[in-house]
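In: Give me coordinates for this.
(chains A, B, C and D)
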There are 2 protein chains.
Amino acid sequence: MRQQPDDLAHVVGYVLKHAQASLRTRMDDTLRPLGLSTPQYVCMELLSRAPGISSSDLARNAFVTRQTMSTLLRGLQDRGLVERPEQAPSGRARPTALSPEGARLLALAQARADAVDAQMVAGLTAAQTRDLLRYLEKCIDALEGDDAGRTDATAPTDETAPDER
Amino acid sequence: MRQQPDDLAHVVGYVLKHAQASLRTRMDDTLRPLGLSTPQYVCMELLSRAPGISSSDLARNAFVTRQTMSTLLRGLQDRGLVERPEQAPSGRARPTALSPEGARLLALAQARADAVDAQMVAGLTAAQTRDLLRYLEKCIDALEGDDAGRTDATAPTDETAPDER
DNA sequence: TGACGCATGTCAGTAGTCTGACATACGGTC
DNA sequence: GACCGTATGTCAGACTACTGACATGCGTCA
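Out: Alright, predicted model coming up:
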């Protein structure tokens, strides 16, 4: 028998993680036939929208560290899907871009990825999807805001108490 | 200058990932002082809600594979935070539970984690939070539903549909 | 009873991801 | 020109996490 404590269903973080995990799994399954992982696809997607972007900027937009993006890029470069000059034209940033072959592969991947994204919100109306995006943005702002990283995260019972209108 | 293609702001999957990444970062920062990672905390949280659960069930509820949960549990076990019998009482499943020390540590972690979760939805009204949860659940259902994995039409008869509220 | 299906746990290998640390390059100020 | 802060890229080490494969235990059904 399978045990499952689903009283976690009202914990936003838990549900958020569940949704993300499901999306990731579905995305991986969809892209695997093309030989791409989800992170690789995201990287290429970003490259197509901002050719010549640096690895660090790429990392920020993909929500990973520079180091992670660096290893990711190396893999794509070894497969000839992205191109970057040996030497930086200025400073240390090396502008990165998709190779023609990378662009071709991306086109195939985009069609599949878009389908998954569409499927995810298939049960929502356009208005509900808009609201979902708005609410998620608000959550992001609340987590990343200036006063978000306060170390004095004590007060366990202080502000959680108010009966939330 | 920093390049960023934010025309991705309306791609649900991208925003979802952003939110999850922010939450994960904030959660890691919050739990690090206690010597716990987010996955470890999730594992202990589940254990406290379902003592005696098996590693496989734990994995399902934490949205990771059995293998990942197995290594996670080993780490926690080595630190004396969880306990499991050497031999399974029946079958292969070994019931796992928190040790007293694990329970103590979890209590501290919960207070911090709850604060982060509350902070995340601080900018939303109670009604909006409810909607957010409902929309996310719908997305999950759409991704995990029967005809979600169209690649192999095995058509399992277990269909989880009937109990749709 | 024995073959089969299914779930559990585990090992091996690989990929993704993080923190920490270091060297390098640019832009300011003095 | 020298110094300092910041940004970039990279190496090293560790943890998280996945796929693939295998052995074991339980149940069903011919």
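
In: which bits of chain A sit near DNA strand D?
Out: With C-beta under 7 Å from any atom of the strand as the criterion, chain A meets DNA strand D at residues A:21, A:25, A:28, A:54-57, A:66-67, A:70, A:88, A:91-94. Using the backbone N, CA and C atoms, a C-beta is placed for each residue, glycine as well.

In: Show the buried residues in those residues.
Out: Taking 16 or more other C-beta atoms under 10 Å in any protein chain shown as the criterion, what is buried in those is A:A21, A:T25, A:S54, A:S55, A:D57.

In: circling back: between the residues of chain A next to DNA strand D, which is closest to B:A118?
Out: A:A21 (22.3 Å; C-beta to C-beta).

In: So what does the closest one have for phi and psi?
Out: The phi/psi pair for A:A21 (degrees, to the nearest 10) reads phi -60, psi -40.

In: Check A:P95 too.
Out: Torsion angles, degrees, to the nearest 10, at A:P95: phi -60, psi 130.

In: Please report how far it lies from A:L23.
Out: Note on A:P95: its distance to A:L23, by C-beta to C-beta, to the nearest Å, is 30 Å.

In: So those two - more neighbours on which side?
Out: The neighbour comparison of A:P95 against A:L23 (other C-beta atoms under 10 Å in any protein chain shown) goes to A:L23, with 23 against 16.

In: correct me, but that one touches A:V121?
Out: No: using C-beta atoms under 8 Å, A:L23 makes no contact with A:V121, being 10.8 Å away.

In: and for the two, which residues touch both?
Out: Counting by C-beta atoms under 8 Å, 6 or more residues apart in numbering or on different chains, the common neighbours of A:L23 and A:V121 are B:C139.

In: hang on, the earlier thing: nearest to A:R134 among the buried ones among the residues of chain A next to DNA strand D?
Out: Nearest to A:R134 among those, with distances taken as C-beta to C-beta, is A:A21, at 22.8 Å.

In: So the closest one sits against B:T65, correct?
Out: No: look at A:A21 against B:T65 with C-beta under 8 Å: they stay out of range, at 11.0 Å.

In: So which of the buried ones among the residues of chain A next to DNA strand D are in helices?
Out: Among these, the residues falling in helices (DSSP state H) are A:A21, A:T25, A:S55, A:D57.

In: Quickly find the element holding the nearest residue to the third one once chain neighbours are set aside.
Out: With C-beta to C-beta, 6 or more residues apart in numbering or on different chains as the criterion, A:S55 has its nearest non-adjacent residue at 5.4 Å, and that residue is A:M69. With secondary structure defined by DSSP states H and E, A:M69 is part of helix A:66-78.
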